[in-house]
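Enquirer: Here's my sequence, what's the structure:
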Amino acid sequence: MRGRTRLLVGVVAVALLAMGAGCTTLFGSGSISDEQLNEDPADPYAWNETETNVTIWVEGGQYRAIYDLNDTERLELFRRGFRNREAVDVSAVRYRYPNGTVVNGSQLAVDKRDSKTVIEVPDPNGTLAFTAGATSKRFSIPNYMAGSYEVVLPEHRRSNVPLFGDVSPGNYERRVEDDNRQHIVWDREVNGGISVRYYLQRDIRLFAGLAIAATLIGGTGALYRRREIRGLQRLREEYGLDLDDDDDDLDDESPPRTG
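Expert: Below is the predicted model of the structure:
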């Protein structure tokens, strides 16, 4: 009995130690490893290709963002979780000084605290870039910094067709450039968050083909049914069944009366 009690106490102690070690992450505090901060982005950050305060390239399961800080000393990154806010897990963090010098994220103050990832920069007029996760076919982000925004969708993706695509807020411009990627631009300051639901162009063509096929099949079935009704009416007339000429309407699909 005593052995079992000691074993139980030991298990509880180990669990408490594990919770203590992981509580910084569990409750939204902690640090991000230098390896994660310094890793290379999937594609080089296009520092010189941005025309808005914030430019975001969406690539399937992640996005790359460049923030022209414009007198902003720090960004507090979070997303809406199931119940409350969650810190954004960032990687490949880079900071560009106004003179063009670029440093890795490990040289910045990057921490997770209060359910946010806080990035502090040495010069509020520099440019900050980072990579974070994104869901497929839908991209949304809170407004971390006031200013103009541009979201670049993955290649061959569009947001134009209602029910399949949607963009919020309004007052934006959509254009497709030589890279076959749709660019959504808010030239004016964005209030609140940004949300874009998009689709693969091929899926729309496939859906349209299926809709046309379903319409043809349905029309063929209706025509076949109408011919059957006409045939039954002719048989009734040939066999002299009880028919009322005044009610002989081809559109009446009620079953024949047997008298």
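Enquirer: how much space between residue 173 and residue 51?
Expert: 12 Å (C-beta to C-beta, to the nearest Å). Heads up, the C-betas are built off the backbone N, CA and C, glycines and all.
Enquirer: what's the nearest residue to the residue nearest to the spatial centre of the chain if we skip its chain neighbours?
Expert: Most central residue of the chain, judged by C-alpha distance to the mean C-alpha position with C-alpha atoms, centre = their mean, is residue 138 at 1.5 Å. Nearest non-adjacent residue to residue 138, counting by C-beta to C-beta, 6 or more residues apart in numbering: residue 197, 4.9 Å away.
Enquirer: separation between that neighbour and residue 161?
Expert: 10 Å.
Enquirer: go on, residue 39?
Expert: Distance, residue 39 to residue 161, by C-beta to C-beta: 36 Å.
Enquirer: do residue 73 as well
Expert: Taken as C-beta to C-beta, the span from residue 73 to residue 161 is 41 Å.
Enquirer: who's more crowded, the two?
Expert: residue 161 (15 against 12; other C-beta atoms under 10 Å).
Enquirer: what's the pLDDT at that one?
Expert: Listed pLDDT for residue 161 reads 93.
Enquirer: Am I right that it is in a strand?
Expert: No. Using DSSP: H, G, I helix; E, B strand; the rest coil, the assignment for residue 161 is coil, not a strand.
Enquirer: so it touches residue 199, yeah?
Expert: Yes. Residue 161 lies in contact with residue 199 (C-beta atoms under 8 Å); the separation is 7.0 Å.
Enquirer: how close does the closest residue in space to residue 49 that isn't next to it in sequence sit to residue 65?
Expert: Excluding its sequence neighbours, the residue lying closest to residue 49 (C-beta to C-beta, 6+ apart) is residue 55, at 7.6 Å. In this view, residue 55 and residue 65 are 7 Å apart by C-beta to C-beta.
Enquirer: cool, residue 227 as well?
Expert: 62 Å.
Enquirer: Look at these two and report which has more neighbours.
Expert: Ranked by neighbour count (other C-beta under 10 Å), residue 227 and residue 65 place residue 65 first, with 22 against 10.
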